[in-house]
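Peer 1: Quick one, what's the 3D model for this:
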Amino acid sequence: MKIYSNKPPENQGPNRSVQSTQKSSGADERDIKVNQAKNAGPADTVDISGKSREVADLMAAVNQLPDVREAKVQQIKQSVEAGTYTVDPAKVAQKMISEIL
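Peer 2: Have a look, this model is predicted:
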């Protein structure tokens with residue numbers, strides 16, 4: 001059985017160049033749509049409330065603080081070395097209990 005057709009198989013013959021042209025024109029259409037979207041009008045905007053700005057400013061200030069309070073560490077270190085550092089067992093127990101609950 002023989003099948004005769006005047007149409008070449010896909011991606012072969014003279015239609016091949018037409019298909020590649022169609023692909024590039026599709027890209028051009030996308031570029032046009034992107035440009036139209038860009039020029040369509042004002043973009044969405046975000047307005048941060050005063051409270052949010054205040055929180056952001058406070059967070060920036062906190063982030064600038066040192067992680068370790070050197071003066072406090074030195075004070076406790078000197079107390080330990082001198083033998084004058086005392087711990088209130090009731091306060092320690094209370095903190096432990098509050099952390100568990």
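Peer 1: pLDDT score for residue 35?
Peer 2: Model confidence at residue 35, given as pLDDT, is 71.
Peer 1: And it, how close does it get to residue 45?
Peer 2: According to C-beta to C-beta, to the nearest Å, residue 35 and residue 45 sit 21 Å apart. Backbone N, C-alpha and C define where each C-beta goes, glycine included.
Peer 1: Residue 101 too?
Peer 2: For residue 101, the distance to residue 45 - C-beta to C-beta - is 46 Å.
Peer 1: Show me the helices in this structure, by range?
Peer 2: 15-38, 50-64, 70-82, 89-100 (DSSP state H).
Peer 1: could those be laid out in a markdown table, adding mean neighbour count?
Peer 2: Formatted as a markdown table, the helices of the chain follow (neighbours: other C-beta atoms under 10 Å):
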| stretch | mean neighbour count |
| --- | --- |
| helix 15-38 | 10 |
| helix 50-64 | 9 |
| helix 70-82 | 10 |
| helix 89-100 | 9 |
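Peer 1: and those helices, which one's lowest on average pLDDT?
Peer 2: Among the helices of the chain, helix 15-38 scores lowest, with a mean of 61.
Peer 1: Send over stretch 49-58 as CSV, restricted to the C-alpha atoms.
Peer 2: The C-alpha trace of stretch 49-58 is given here as CSV (Å, rounded to 0.1, in the frame of the first residue of the first chain):
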residue,chain,number,x,y,z
SER,A,49,1.7,52.8,58.0
GLY,A,50,3.3,55.0,60.6
LYS,A,51,3.4,52.2,63.1
SER,A,52,5.2,49.9,60.6
ARG,A,53,7.8,52.6,60.0
GLU,A,54,8.2,53.1,63.8
VAL,A,55,8.7,49.3,64.3
ALA,A,56,11.2,49.2,61.4
ASP,A,57,13.2,52.1,63.0
LEU,A,58,13.2,50.4,66.4
